[in-house]
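1. Here you go, sequence then predicted model.
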Amino acid sequence: MKELDYFAKQKEQYLDDLFELIRIPSITRDQKAVQEAANWLEKRLKDSADFVKQIPTQGNPVVIAEWKPQIIEISASKAPTTILFYGHYDVQPPDPLDKWHSPPFEPEIREGRIFARGVGDNKGQFFAHIAAIESVVKTEQLRTHVKLILDGEEELGSAHLDEAISKEIDFFRDVDLVVVSDGPADPTWKPTLEFGARGIVTIQLHLQTAKGDVHSGNFGGIQPNPVWDVITLLKTMRDDSGKCLIDGFYDDVFTPSEAAIKAVKNLNRDPEVYKEQLGISYFGEEQDQPLVHKLMFRPTFNIRGIGSGSVKEKARTVIPKEAYVEIDIRLVPNQEPEKIKQLFFNHIDRLKEENDQYKKILERCSFRSETSFYPMFTPIELPWTEKLERSIQNGYGEKPLLIPLAGGSLPLYSLYKATEKPMYIIPYAQPDEDNHAPNENLMVDWFYNGIKTSIYLLAELGRD
Ligand SMILES: [Zn+2]
């Protein structure tokens with residue numbers, strides 16, 4: 001394939017170009033550096049794309065680009081496939097700086113890995129798509145319609161992505177499938193194809209029972225203890241077998257298809273490996289669910305933290321005046337963040353009516369809910385699966401693992417709303433990329449295999 005030969009000659013150059021992009025410290029809250037990265041990308045993309053645009057938003061800009069097919073078969077009965085790639089060019093702050101072995105924005109290769117902030121999350125991964133598209137376009141082999149969207153605020157929750165998309169909604173209308181390369185590959189080091197991600201809702205509860213912390217001897221038995229009171233509330237939300245007791249919580253949970261269940265079984269996840277890896281001796285959450293279902297197909301009701309009083313070296317013998325509880329609910333397909341929030345607050349309202357004690361506690365409670373992401377899931381049975389699998393196998397020299405639902409949440413729902421088309425995640429970073437941590441890195445081989453995968457994918461999509 002001409003495009004692969006071209007890539008082989010350009011390999012070093014692509015690495016240098018990626019380094020140039022990485023040297024721009026586009027930390028998500030640093031508007032100036034983010035803008036510089038957006039400008040760099042716009043200029044770079046103009047070199048090969050038919051259309052490039054920066055979409056300004058209330059936050060950071062979004063960059064879009066488009067390449068029209070160069071070869072259209074006259075006999076082709078249908079229009080060429082349109083693929084949309086998504087990536088994000090903002091990065092996490094590099095702190096703590098003293099933990100880095102080389103400066104975070106001065107990329108360095110050691111033992112086959114590029115070390116730099118943002119190399120895996122996400123510059124190296126989306127740049128692999130750009131390098132692939134360029135290799136195909138420069139050799140005039142493009143048989144598909146290619147679109148690219150680069151988010152500048154993913155690390156802040158993509159708050160303005162919807163705004164950007166709505167300004168250019170026509171750009172997204174003819175998309176047939178969406179491919180995102182982000183996150184690490186499966187911990188087994190196999191190339192990975194993911195069909196979706198869990199969603200999330202977070203809820204914070206603050207209970208203030210009194211004016212101040214008081215001596216637990218002097219006022220014990222008088223001032224109510226907020227820790228006991230939040231425990232009382234939390235106990236109404238989950239039974240001892242790990243089931244969430246909020247009315248309707250499981251109503252919309254999807255039924256995984258045969259293919260999805262088979263894919264998870266094929267992963268051969270060994271319960272003992274989890275026990276060893278996590279240092280646990282038993283599993284949490286719903287006791288009646290098999291491990292494969294708990295891994296991907298069931299929602300979770302998690303307490304991510306409780307804060308009150310002080311312990312250990314700061315311990316004081318007091319009755320604290322307040323308690324904080326933070327809950328995160330991981331959603332699976334068909335569950336909607338707004339509905340789940342509503343069910344949670346319906347539960348609270350019901351408690352108030354149920355008895356006076358709950359009512360008194362809840363009158364001193366305040367609630368907040370900030371994060372929410374929809375779950376996303378693409379059926380494995382669709383014909384794209386085979387094309388994607390084959391491309392990854394050619395790119396990596398190994399069959400990919402098929403993961404129905406990945407753990408992390410991505411802004412996929414915004415893209416889904418605009419396109420209503422299947423979405424796939426193909427991580428091009430190896431499992432120990434250390435994204436968000438010091439010494440973030442991307443293996444050079446994984447970067448190159450990613451470029452090859454995208455090249456093969458563009459060829460696959462150009463075929464009937
Ligand atoms: Zn990230």
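-> Received, thanks.

2. going forward, measure contacts between C-alpha atoms and count neighbours the same way
-> Will do.

3. any weak-confidence spans in the chain?
-> Low-confidence segments of the chain, defined by pLDDT under 70: 74-76, 409.

4. Domain map for it?
-> With domains defined by automatic domain parsing, the chain comprises 2-197+375-461, 199-253+299-372.

5. got those as JSON lines, with distance to Y282 and mean neighbour count columns?
-> Formatted as JSON lines, the domains of the chain follow (distance: least, CA to CA, whole Å; neighbours: other CA atoms under 10 Å):
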{"stretch": "domain 2-197+375-461", "distance to Y282": "20", "mean neighbour count": "20"}
{"stretch": "domain 199-253+299-372", "distance to Y282": "13", "mean neighbour count": "16"}
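
6. Spit out the contact partners of T300.
-> If you count contacts by CA atoms under 8 Å, 6 or more residues apart in numbering, T300 has them with E285, I329, R330, L331.

7. Tell me which residues touch the closest residue to the second one other than its chain neighbours, please.
-> In space, and not counting its chain neighbours, I329 is closest to F301: 4.7 Å by CA to CA, 6 or more residues apart in numbering. The neighbourhood of F301, defined by CA under 8 Å, 6+ apart, consists of C244, I327, D328, I329, R330.

8. Going by secondary structure, the last one is in what exactly?
-> Assignment of secondary structure by DSSP states H and E places R330 within strand 322-331.

9. for that strand, the distance to its chain's centre please.
-> Distance of strand 322-331 from the chain centroid (CA atoms, centre = their mean, to the nearest Å) equals 20 Å.

10. Show me what that strand pairs with in its sheet, parallel or antiparallel.
-> For strand 322-331, the paired strands and their directions (DSSP bridges) are strand 199-208 (antiparallel), strand 300-308 (antiparallel).

11. Can you name the element that comes right after the last one?
-> Following strand 300-308 in sequence order, the next helix or strand is strand 318-319 (DSSP H and E).

12. Pull the residues that contact that next one.
-> Residues outside strand 318-319 that contact it (CA under 8 Å, 6+ apart): D213, V214, H215, S216, G217, F219, G220, Q223, P224, N225, G309.

13. for the third one, phi and psi?
-> Note on H215: its backbone torsions stand at phi -60, psi 130 [degrees, to the nearest 10].

14. correct me, but it touches T317?
-> Yes: assessed by CA atoms under 8 Å, H215 is found in contact with T317 at 6.4 Å.

15. Give me the common contacts of the two.
-> Joint contacts of H215 and T317 (CA under 8 Å, 6+ apart) do not exist.

16. Helices along this protein, start to end?
-> Assignment of helices within the chain using DSSP state H yields the ranges 2-22, 31-46, 124-138, 161-167, 169-173, 226-235, 258-266, 271-278, 291-296, 337-354, 356-363, 384-396, 412-419, 444-461.

17. Would you tell me which of those gets closest to F105?
-> helix 2-22 (6.3 Å; CA to CA).

18. In terms of secondary structure, what does that closest one contact?
-> Where contact means 3 or more CA pairs under 8 Å, 6 or more residues apart in numbering; DSSP states H and E, helix 2-22 is packed against helix 124-138, helix 444-461.

19. Pull the shortest one out as CSV, backbone CA atoms only.
-> Just to be clear, that refers to helix 124-138. Listed next in CSV are the C-alpha coordinates belonging to helix 124-138 (Å, rounded to 0.1, in the frame of the first residue of the first chain):
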residue,chain,number,x,y,z
GLY,A,124,-0.1,11.3,20.6
GLN,A,125,-3.4,9.5,20.1
PHE,A,126,-5.2,12.0,17.9
PHE,A,127,-2.0,12.9,16.1
ALA,A,128,-1.8,9.3,15.0
HIS,A,129,-5.1,9.8,13.2
ILE,A,130,-3.7,13.0,11.6
ALA,A,131,-0.5,11.3,10.5
ALA,A,132,-2.6,8.5,9.0
ILE,A,133,-5.0,10.8,7.2
GLU,A,134,-2.0,12.8,5.8
SER,A,135,-0.2,9.6,4.6
VAL,A,136,-3.4,8.6,2.7
VAL,A,137,-4.1,12.0,1.3
LYS,A,138,-0.5,12.7,0.2
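
20. neighbouring contacts of it?
-> By CA under 8 Å, 6+ apart, helix 124-138 touches 3-4, 6-7, 14, 18, 45, 48, 70, 85-88, 118-119, 142, 181-182, 427-429, 442, 447-448, 450-452, 454-455, 458.

21. for the last one, same thing?
-> Under the contact criterion CA under 8 Å, 6+ apart, helix 444-461 has outside partners 3-4, 11, 81, 112-114, 124-125, 128-129, 131-133, 135-136, 142-144, 387-388, 391-396, 428-430.

22. ok, back up a step: switch the strands paired with strand 322-331 over to TSV; also include distance to S366.
-> TSV is the format used below for those (distance: least, CA to CA, whole Å):
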stretch	distance to S366
strand 199-208	5
strand 300-308	15
